[in-house]
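**Q** attaching a predicted model along with its sequence, questions to come.
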Amino acid sequence: MAFTFGSPTSTVDSDDYVSSITTMSGRYDEQQQQQQQHVTISDHATRTVSKIASYFRQGFLCDVVFVCGHGHMKQRIAAHRLVVATLSDYFRAMFESNMLETKQREIVINDIDPDALEKLILYAYEGRLEIHQDNVTNVLRAAHLFNISEIVDSCCKYIEKQ
């Protein structure tokens, strides 16, 4: 099969045309690869997580507020859904399912100690959690509810040592 380009006397065989395009494309890809430079910044992840934690402390770009506590002792904890979802499959399911909480900005969590929830959320941002005699029971209870196994394990080890 032949295609006619320009004048009726100029023809190009379709197989030659496809081969020509492939060859040109191959050369272009080689040139592109030679011109590319891959950049890896060794502390990129650390700096990014640090910035996100800073945003959390400032309340900047937070898109969910957890309300917990009893009576007049209710506490509001603003956070980022994405970060909280990485903490726990419980929260991930809450945010991605058809649950009411998916669309709500404020989410009420009853029967959880506000300080324990705040510590768990802070753990999601900083990767650190202080466990001591005064909070281990509440942190364990919250970590168990939200299925945060590494915190449950850490609390259990702390209790065993006491």
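**A** On my side now, so go ahead.
**Q** these two touch, right, T86 and Y125?
**A** No - in this structure, T86 is not within contact of Y125 by Cβ atoms under 8 Å, at 9.9 Å. Yep, even glycine has a C-beta here, placed from its N, CA and C like the rest.
**Q** pick out whichever of those two has more residues nearby.
**A** Set T86 next to Y125 and count neighbours by other Cβ atoms under 10 Å: Y125 wins out with 21 against 13.
**Q** thinking the more buried one is in contact with F56, fair?
**A** Yes - the pair Y125 / F56 is scored as a contact, 5.1 Å apart, by Cβ under 8 Å.
**Q** now do the shared contacts for the two.
**A** Listed as contacting both Y125 and F56 by Cβ atoms under 8 Å, 6 or more residues apart in numbering are V83.
**Q** do you know how far V67 is from I77?
**A** Note on V67: its distance to I77, by Cβ to Cβ, to the nearest Å, is 8 Å.
**Q** who's more crowded, these two?
**A** Using other Cβ under 10 Å as the criterion, V67 and I77 rank with I77 on top: 22 against 15.
**Q** distance-wise, check Y123 relative to I41.
**A** Going from Y123 to I41 by Cβ to Cβ gives 25 Å.
**Q** fine by me, we can end here.
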